[in-house]
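A.B. asks: sharing a model prediction with you, sequence too.
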Amino acid sequence: MQWRDILEISRFPNLILAALTVPLGAHIAIDGLWSYDLGIDVALAMLSVMSFMGAGNILNDISDSSIDKDAHPDRVIPSERITVKEAKLLSRVFALLSMIFLIGIYVRNSYWPLAAIWLVAALLMITYDHGPQTKKNGLIGNISISMMVGAVILFGAASVRSMDSQLIWYAAGVATLANLAREIIKDCEDMESDADRNTLPMRIGLAKSRNISYVIVCSSLVLLYLPHWLGPLQFWQLLLQTPAIMMLITLGNPLLNGEYYSAQQRIRMAMLLGLMSFAVAVSI
C-alpha cells in the first residue's frame, strides 16, 4: 500500500477543500475576531474533518468496488493497489484519527454541540454507504450528503464555541441547499451509469429534475439575501455576493442545454464564493 494510493482513495484534494471550509465557518461565527487559542481549536477541527471525510470516501469506494471493476477499473481497489481488507482498515484508522482530533478540541473547550455535530455526520455517513444505503435511494442520499456539507460549516463554528451566531446558520443553509441542487444535477449527468441507484432523474425524468434543482438554487439565493435584509449584515454588503449571485442566476441555459458538469461545477464555485463573501462582510 503506497502513500500515493492512500491519497488517491481518500481523495486528498477534496479533503483540502473541505478543511478550508472549517476556518470559513469559524471566521463567520466569530465576526473575524481571532485569537491564538481559537486558531489551535480550528486547526484541530480541520484535521478532524479531513480524517472524517477520508474515512467516508474510502467507505464509498469499498461500497462501489464491485461496480467499479467494470465502470472504473483504474481506481485503487479494482486495480488491486489496495485490497478491500486494507481499505476497511484504512477507513477505521481515518475515523479513529478524526475522533482523536475531536476529543482534543473537546478537552480544550468542553463544547457539547461539537460532539453532537460529529455524531450526526457520522450517522449520515454510515447510513449513506452501509445499513440502509441511502445513496441508492437517490434524493434521500442527496439530502444526506448535503447535510454533511452544511455540517462542516457548523463544525467550524462549534470549534470556536459560536453556534449562537445567526449568520452561521444562514451560511450552513446556503451550503446545504446549493450542494443539494448540485447533487441532483450530478445525478442527471450520471443517469445512464447509475443502474444500481433510484435517483430523482430516473423517477421523474431529466426535465423535472433540472427544474427542481433550479428551484433549490433559487432558495439558496434567498438565504444569501436574507441576512442582508433582516440582519446581521448591512444591505450594501450584498454587493459582495454579486459574483455568487450571477453564477447561480445564469444556470438556466447550461441546465437546459444538458451541460450538467459545467452547471454543477458552477454551483460549487458559487457556494464557495458566497461563503467567502459572508466571511469578508463580517470583517468590514
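C.D. replies: Now that the structure is in, tell me what you want to look at. Numbers count the residues shown, from 1 in each chain.
A.B. asks: mind listing the helices for the stretch 101-250 of the chain?
C.D. replies: For the stretch 101-250 of the chain, applying DSSP state H, counting those that start in this stretch gives helices covering 112-129, 139-159, 166-189, 200-204, 206-229, 242-249.
A.B. asks: can I get the ones you listed in CSV including distance to D37?
C.D. replies: Quick note: C-beta positions are derived from backbone N, CA and C, even for glycine. CSV is the format used below for these (distance: least, Cβ to Cβ, whole Å):
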stretch, distance to D37
helix 112-129, 15
helix 139-159, 11
helix 166-189, 19
helix 200-204, 45
helix 206-229, 27
helix 242-249, 32
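A.B. asks: how about CSV for those, with mean neighbour count, mean pLDDT and distance to I100 added?
C.D. replies: Below are the helices of the stretch 101-250 of the chain laid out as CSV (neighbours: other Cβ atoms under 10 Å; pLDDT from 0 to 100; distance: least, Cβ to Cβ, whole Å):
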stretch, mean neighbour count, mean pLDDT, distance to I100
helix 112-129, 18, 92, 12
helix 139-159, 23, 94, 15
helix 166-189, 24, 94, 25
helix 200-204, 18, 90, 38
helix 206-229, 18, 94, 34
helix 242-249, 17, 92, 36
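A.B. asks: these: which one's closest to M50?
C.D. replies: Closest to M50 of the helices of the stretch 101-250 of the chain, according to Cβ to Cβ: helix 139-159, at 10.5 Å.
A.B. asks: could you name the helices and strands sitting against the closest one?
C.D. replies: Packing partners of helix 139-159 (3 or more Cβ pairs under 8 Å, 6 or more residues apart in numbering; DSSP states H and E): helix 12-29, helix 36-63, helix 112-129, helix 166-189.
A.B. asks: rebuild those as CSV, extending it with distance to M247.
C.D. replies: Rendered in CSV, the data for these read as follows (distance: least, Cβ to Cβ, whole Å):
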stretch, distance to M247
helix 12-29, 17
helix 36-63, 24
helix 112-129, 27
helix 166-189, 10
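A.B. asks: returning to what we had before: figure out which of the helices of the stretch 101-250 of the chain is closest to A26.
C.D. replies: Nearest to A26, of the helices of the stretch 101-250 of the chain and by Cβ to Cβ, is helix 139-159 at 4.3 Å.
A.B. asks: so which of the helices and strands packed on helix 139-159 is nearest I249?
C.D. replies: Taking the helices and strands packed on helix 139-159 one by one with Cβ to Cβ, helix 166-189 is closest: 12.8 Å.
A.B. asks: re the thing from before, out of the helices of the stretch 101-250 of the chain, which gets nearest to I16?
C.D. replies: Judged by Cβ to Cβ, the one of the helices of the stretch 101-250 of the chain that comes nearest to I16 is helix 139-159, at 12.7 Å.
A.B. asks: now the closest one and helix 12-29, what's the angle there?
C.D. replies: In terms of direction (axes from the mean of the first three to the mean of the last three Cα atoms, to 10 degrees), helix 139-159 departs from helix 12-29 by 50 degrees.
A.B. asks: CA atoms only for helix 139-159, dumped as CSV, please.
C.D. replies: Once non-C-alpha atoms are left out, helix 139-159 reads as follows in CSV (Å, rounded to 0.1, in the frame of the first residue of the first chain):
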residue,chain,number,x,y,z
LEU,A,139,-32.9,12.1,-3.3
ILE,A,140,-32.5,10.8,0.3
GLY,A,141,-28.8,10.2,-0.3
ASN,A,142,-28.5,13.7,-1.9
ILE,A,143,-30.0,15.2,1.2
SER,A,144,-27.7,13.2,3.5
ILE,A,145,-24.6,14.4,1.6
SER,A,146,-25.8,18.0,1.5
MET,A,147,-26.5,17.9,5.2
MET,A,148,-22.9,16.8,5.8
VAL,A,149,-21.6,19.7,3.7
GLY,A,150,-23.6,22.1,5.8
ALA,A,151,-22.4,20.3,9.0
VAL,A,152,-18.8,21.2,8.1
ILE,A,153,-19.7,24.9,8.3
LEU,A,154,-21.4,24.4,11.7
PHE,A,155,-18.5,22.3,12.9
GLY,A,156,-16.2,25.2,12.2
ALA,A,157,-18.5,27.5,14.3
ALA,A,158,-18.7,24.9,17.1
SER,A,159,-14.9,24.6,17.2
